[in-house]
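Colleague: Predicted model follows, preceded by the sequence.
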Amino acid sequence: MTLGPCHRRRDGIYFRLVSFDVSADAYGRFMGRYSDLLATPFLDQADVRSGQRALDVGCGPGALTAPLVERLGPDAVAAVDPSPSFVDATRARLPGVDVRTGVAERLPFDDDSFDRTLAQLVVHFMSDPVVGLAEMARVTRPGGLLTACSWDHAGGSGPLSTYWEAARSLDPRVQDESGLPGTREGHLVELSEAAGLTQVEPSVLTVGVHYETFDEWWEPYTLGVGPAGAYVAGLDPSQREALRARCAELLPEPPFDVTASAWCVRANV
């Protein structure tokens, strides 16, 4: 897939092309370890409680959808994702949940359908985040909450910071993820306000993932997931080995922990 600012038109919507047409297992081994841990504090931030109806926008293979079901039950949860493989995986994992194929910029749900609408680690991959956030507000009932978060790729405390530091040291022209929407401090607030949201409350959520060996950390980057995986896939063997070696130099001696922070916003609708 093509990376960077290139987009493809589909049904009137332009999509940023990133390589998420991968198996749920590949995503789980790469970013799932972080997103699974992030889900609980993110749901707490969204004040998700029994009796509500919730939508998971950009559900992936269900890292957030599963704990939503634990809190609300399958009949009270809906999910949407543009990746057919992720939609299939979430449907198989969570029978009874209304999982649909679609994009944030054109949600396939009626107005005022949900008490809570959430986008975990999705805004930075929307082709038009302002439209996507406005759509999330549209499907949220008056008095409900919209909550979104994005990794701190620009501030250096995201889960991929060491990887992209290594890549830039070998190729200063590399296009990392620091310019993606919502990945710098305050930008999620700006996007939310541009989408017409009010009483936008920012916060920071942080999780930590433990690795016993360096290869446990490195191997998921070779699975072709997201911009980082696509970059590795585009390297020749010698370049790939140089990147691997540089990452090993920058990381602590194993075992080690990687701490990752995400910018978060919560807004009343």
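Modeller: Thanks, I have the structure now.

Colleague: Help me confirm that Leu235 comes into contact with Arg244.
Modeller: No: with contact defined as CB atoms under 8 Å, Leu235 and Arg244 do not form a contacting pair (9.8 Å). Backbone N, C-alpha and C define where each C-beta goes, glycine included.

Colleague: which stretches of the stretch 101-250 of the chain form helices?
Modeller: 129-138, 161-170, 187-194, 214-218, 226-233, 237-250 (DSSP state H, counting those that start in this stretch).

Colleague: For the residue lying farthest from the centre of the chain, give its distance to Asp47.
Modeller: Of all residues in the chain, Ser238 has its C-alpha farthest from the mean position, at 30.4 Å, by CA atoms, centre = their mean. The gap separating Ser238 from Asp47 is 51 Å, by CB to CB, to the nearest Å.

Colleague: right, and the helices of the stretch 101-250 of the chain - which one's nearest Asp257?
Modeller: Closest to Asp257 of the helices of the stretch 101-250 of the chain, according to CB to CB: helix 214-218, at 10.5 Å.

Colleague: List the buried residues in the closest one.
Modeller: Phe214, Trp217, Trp218 (16 or more other CB atoms under 10 Å).

Colleague: closest to Leu205 among those?
Modeller: Nearest to Leu205 among the buried residues of helix 214-218, with distances taken as CB to CB, is Trp217, at 21.3 Å.

Colleague: doesn't Pro255 make contact with that closest one?
Modeller: No: look at Trp217 against Pro255 with CB under 8 Å: they stay out of range, at 10.1 Å.

Colleague: Now list whatever residues contact both of these two.
Modeller: Common neighbours of Trp217 and Pro255 (criterion: CB atoms under 8 Å, 6 or more residues apart in numbering): Tyr211.

Colleague: what does stretch 193-204 rub up against?
Modeller: 45, 129-131, 133-134, 137, 146, 152, 186, 188-189, 192, 261-269.

Colleague: coming back round to it: which of the helices of the stretch 101-250 of the chain has the lowest average pLDDT?
Modeller: Ranked by mean pLDDT, the helices of the stretch 101-250 of the chain end with helix 226-233 at the bottom, a mean of 93.

Colleague: Does anything pack onto that helix? Which helices or strands?
Modeller: The contact analysis (3 or more CB pairs under 8 Å, 6 or more residues apart in numbering; DSSP states H and E) places helix 226-233 against helix 161-170.

Colleague: who does the helix it packs on touch, helix- and strand-wise?
Modeller: Applying 3+ CB pairs under 8 Å, 6+ apart, one finds that helix 161-170 makes contact with helix 226-233, helix 237-250.
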